[in-house]
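Trainee: no sequence on hand, only this structure:
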């Protein structure tokens, strides 16, 4: 046998072995997998589509995304018509105030329209510290930090300071941003029935010792119902159980207390007894963004640890200076806006109740709900009011339970008694018409729900 060649016997053996084997299987390509990439399959989209189709079929126009064609104050312009406006939370009428507008314009000239970076790296400007210092002084605490979004303030702060070893206990009607922050944190979450502090105590009695830290979260003025909290008792509870107390003042600033400084002033409580104050600048302060105020250590921690602050651009100059100027106007209140707002709020509530309207839990603090109990009726009534020159937004399921659908009226310092009288009268008249149409409205509501 030559070197490198198989012998005849070896070659025959190899051929025999190969022939005895089954032919190799031909690979079969797998069936292509189907992937879900249609946005129409997102949860709730089909329900939304059906509701829109039913509304179109019934000729019910959407009351949402109405375009305001001018600054929306006590009056606004929608579809070319001037209307009395109760859908904007410019509580002290400072949006468009000459001093606020001038400060925002001057800020653009000096600093531009953006700070163009996170504050941690290159976005810090002197007006940031000035706003935070005044917010801390307003609340009577050590320090404050401003975020570019009110919703993100709750999400980032709660998501950062609590974790899986902790418990968050909140009011059943708390804002969705608090729930989102709690979910982000990984902490366990419990809710108690609205303003039921006996239930809060029961939860803490049963569960406090299981958790490292406990955070209690409430709103000073509830945005859907217009009622306030028992702050002295909440402070006593948090002290008894060794918990943090966080109060969301989004709707309370400028509204509650003799000078509009919020629920602590209204309750006669030292604000330092509350661990965390949260607020927004899109309501009384006529701008946008949110803030946390409290102990210096908390603020220092959030500024370097909260992702919603660290990885977000700093507040732009015009928005910051608008908020700071509005804050100074609130503190000075030389033209009695706070007292006027409070008087208007009480007057609206009195007139609404006298007209037989269901105002729910409202206490006369800028937010007056008109409870209707059915989402479609709330939409129909809102549309009819707009036809008669009154703009009020409906609040429907899932923002509130289906049986508590409502109109939500925001009262400001700039509304007149004549405007309030007109609005209440129109609401009562159109509500009465809907009551007589109840059987029809009930069928429409059932059709809209599919």
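Mentor: Thanks, I have the structure now. Predicted model only: the values in this text are computed from it and were never measured. Numbers count the residues shown, from 1 in each chain.
Trainee: tell me, please, the helix or strand in the chain that averages the lowest pLDDT.
Mentor: helix 438-448 (a mean of 55; mean pLDDT, DSSP states H and E).
Trainee: need the phi and psi values for residue 408.
Mentor: Backbone dihedrals for residue 408, given as degrees, to the nearest 10, come out at phi -120, psi 120.
Trainee: burial count for it?
Mentor: Neighbours of residue 408 under the rule other Cβ atoms under 10 Å: 24. C-beta here means a position set from N, CA and C on the backbone, and glycine is covered the same way.
Trainee: correct me, but it touches residue 367?
Mentor: Yes: with contact defined as Cβ atoms under 8 Å, residue 408 reaches residue 367; the gap is 6.7 Å.
Trainee: common neighbours of the two, please.
Mentor: residue 224 (Cβ atoms under 8 Å, 6 or more residues apart in numbering).
Trainee: just the helices in the stretch 201-350 of the chain please.
Mentor: According to DSSP state H, counting those that start in this stretch, the stretch 201-350 of the chain carries its helices in the segments 231-241, 263-267, 296-305, 307-310, 317-332, 337-354.
Trainee: so which of the ones you listed is nearest residue 128?
Mentor: Comparing those against residue 128 with Cβ to Cβ, the closest turns out to be helix 317-332 (6.4 Å).
Trainee: now find how far off-centre that closest one is within its chain.
Mentor: 21 Å (Cα atoms, centre = their mean, to the nearest Å).
Trainee: tell me how many other residues surround the residue nearest to residue 154 when sequence neighbours are not counted.
Mentor: In this structure, residue 154 finds its nearest non-sequential neighbour in residue 177, 3.8 Å apart by Cβ to Cβ, 6 or more residues apart in numbering. Neighbourhood size, residue 177 [other Cβ under 10 Å]: 23.
Trainee: and what of residue 70?
Mentor: Residue 70 has 11 neighbours, counted by other Cβ under 10 Å.
Trainee: and it, that one's in a strand?
Mentor: No: under DSSP: H, G, I helix; E, B strand; the rest coil, residue 70 sits outside any strand and is assigned coil.
Trainee: renumber starting at 22 from here on
Mentor: Happy to do that; since the first residue is 22 now, the last one works out to residue 91.
Trainee: quick one: it and residue 145, what's the gap?
Mentor: Residue 91 sits 35 Å away from residue 145, going by Cβ to Cβ, to the nearest Å.
Trainee: now residue 341: closest residue in space, sequence neighbours ignored.
Mentor: Using Cβ to Cβ, 6+ apart, the closest residue to residue 341 is residue 148 (4.7 Å).
Trainee: quick one, what contacts the one you found?
Mentor: Contacts of residue 148 (Cβ under 8 Å, 6+ apart): 128, 132, 338, 341-342, 345.
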